[in-house]
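Asker: Predicted coordinates and the sequence they were generated for:
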Amino acid sequence: MADVFHLGLSKSMLRGATLAIVPGDPERVKRIAALLDDAEFLASHREFTSYVANIDGKPIVICSTGIGGPSTSIAVEELAQLGIRTFLRIGTTGAIQPHVQVGDIIVPQASVRLDGASLHFAPMEYPAVADFGCTAAMVAACRAIGIEPHVGITASSDTFYPGQERYDTVSGRVTQRFAGSMKHWQELGVLNYEMESATLFTMCASQGWRAACVAGVIVNRTQQEIPDETVIKATEQQAIAIVVNAARKLLSE
Ligand SMILES: O=P(O)(O)O[C@H]1O[C@H](CO)[C@@H](O)[C@H]1O
Ligand SMILES: O=c1cc[nH]c(=O)[nH]1
């Protein structure tokens, strides 16, 4: 029987793991597990697909979060109930600065809290900040394969459309709060949009858990709206290699 409500997992299934890689997309879980040793499929419920595996003989869990803060908060909370204390997100993202290229890698230090779920963990004054050591491991993992990541601030939104200032195609409108918001974030030096890091960083920082994120740029909003499928796959694969190497480094400490 499972020990937690949604993930279909029990503590005995996790080989004593304390570190998890948490992609958004369930399909990505298998691709990450394929790079690890002794990978074993555990469960698939709703948006939550999980594997357990080893890196250099140390156990690691891979579990998808689905899209957005609410489902991310469930995955992270239930993984924490099972003993996980370090969470490494690997995702895709849309850049908003002209100098960030499609195919580039972003490692956020902190996130603008355009979500709602993070408010269920800490008030708005509290920063959605990544763990320094895990973020340094992500940056080192990038440099180890010759990639210089963009390290900075991400805007993390509950919605893909209005929250990232995509205008409704029927009405042509976006609510007042978000009209002109992309330009404002650009002026404030924000690098990109994604949808989970604000919740992940806030809930982990406020509960003494560690979290970091790596994101592959699949679109640049100053140039195009629809990503190329082959670019998505190649960029994801690079970000997967980085998160696996960051996990390896953290597990060896
Ligand atoms: O590729 P993933 O991890 O899902 O991340 C990004 O892609 C989804 C939107 O298309 C959101 O989850 C966003 O954060
Ligand atoms: O533009 C984008 C691309 C990926 N993910 C997002 O959340 N936004």
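Answerer: Right, received. Where do you want to start? Numbering: from 1, shown residues only. Ligands and ions are numbered 1, 2, ... in the order given.
Asker: I figured Ser157 hits Leu114, correct?
Answerer: Yes: contact criterion C-beta atoms under 8 Å: Ser157 and Leu114 qualify, at 4.0 Å. For glycine as for every other residue, the C-beta is placed from the backbone atoms N, C-alpha and C.
Asker: who touches both of these two?
Answerer: The contact sets of Ser157 and Leu114 overlap at Gly163 (C-beta atoms under 8 Å, 6 or more residues apart in numbering).
Asker: I'd assumed Val244 was in a strand, is it?
Answerer: No: read with DSSP: H, G, I helix; E, B strand; the rest coil, Val244 is helix and lies in no strand.
Asker: Tell me how many other residues crowd His99.
Answerer: Other residues near His99 come to 10 when the count uses other C-beta atoms under 10 Å.
Asker: Quickly find the element holding Leu200.
Answerer: helix 197-207 (DSSP states H and E).
Asker: quick one: average confidence on that helix?
Answerer: What helix 197-207 shows for mean pLDDT is 99.
Asker: just so I have it, where are all the helices in this protein?
Answerer: 26-33, 69-81, 132-144, 181-187, 197-207, 229-251 (DSSP state H).
Asker: Can you say which of these is packed in most?
Answerer: Most buried of those by mean neighbour count (mean count of other C-beta atoms under 10 Å) is helix 197-207; its value is a mean of 25.
Asker: who's in contact with that helix?
Answerer: By C-beta under 8 Å, 6+ apart, helix 197-207 touches 22, 65, 68-70, 72-73, 76-77, 80, 87, 89, 91, 108, 110-115, 117-118, 121-122, 126-131, 154, 156, 209-211, 213.
Asker: So which of those belong to strands?
Answerer: Judged by DSSP state E, the subset of the contacts of helix 197-207 located in strands is 22, 87, 89, 91, 108, 110-114, 128-129, 154, 156, 210-211, 213.
Asker: Please check the contacts of helix 197-207 and keep the buried ones.
Answerer: 22, 65, 68-69, 72-73, 76-77, 80, 87, 89, 91, 108, 110-115, 117-118, 121-122, 127-131, 154, 156, 209-211, 213 (16 or more other C-beta atoms under 10 Å).
Asker: restrict those to those near ligand 1?
Answerer: Filtering the buried ones among the contacts of helix 197-207 for proximity to ligand 1 (criterion: C-beta under 6 Å from any ligand atom) leaves Gly91.
Asker: So what's the residue count around the one residue in the chain that gets nearest to ligand 2?
Answerer: Nearest residue of the chain to ligand 2: Gly94, at 2.1 Å (C-beta to the nearest ligand atom). If you count neighbours by other C-beta under 10 Å, Gly94 ends up with 24.
Asker: do the same with Tyr193
Answerer: Residues within reach of Tyr193, counting by other C-beta under 10 Å, total 25.
Asker: Skip the chain neighbours and tell me the closest residue to it.
Answerer: Gln164 (4.5 Å; C-beta to C-beta, 6 or more residues apart in numbering).
Asker: Next up, the contacts around the one you found.
Answerer: 94, 155, 157, 182, 193, 221.
Asker: Could you export stretch 75-88 as PDB, CA atoms only?
Answerer: These are the backbone C-alpha positions of stretch 75-88, laid out as PDB (Å, rounded to 0.1, in the frame of the first residue of the first chain):
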ATOM      1  CA  ALA A  75       4.800  16.100  -5.700                       C
ATOM      2  CA  VAL A  76       7.400  17.900  -3.500                       C
ATOM      3  CA  GLU A  77       5.300  17.600  -0.300                       C
ATOM      4  CA  GLU A  78       4.700  13.900  -0.800                       C
ATOM      5  CA  LEU A  79       8.400  13.200  -1.800                       C
ATOM      6  CA  ALA A  80       9.400  15.100   1.400                       C
ATOM      7  CA  GLN A  81       7.000  12.900   3.400                       C
ATOM      8  CA  LEU A  82       9.000   9.900   1.900                       C
ATOM      9  CA  GLY A  83      12.400  11.400   3.000                       C
ATOM     10  CA  ILE A  84      13.500  13.500   0.000                       C
ATOM     11  CA  ARG A  85      15.300  16.700   1.100                       C
ATOM     12  CA  THR A  86      16.900  17.900  -2.100                       C
ATOM     13  CA  PHE A  87      14.900  18.700  -5.300                       C
ATOM     14  CA  LEU A  88      16.500  19.400  -8.700                       C
END
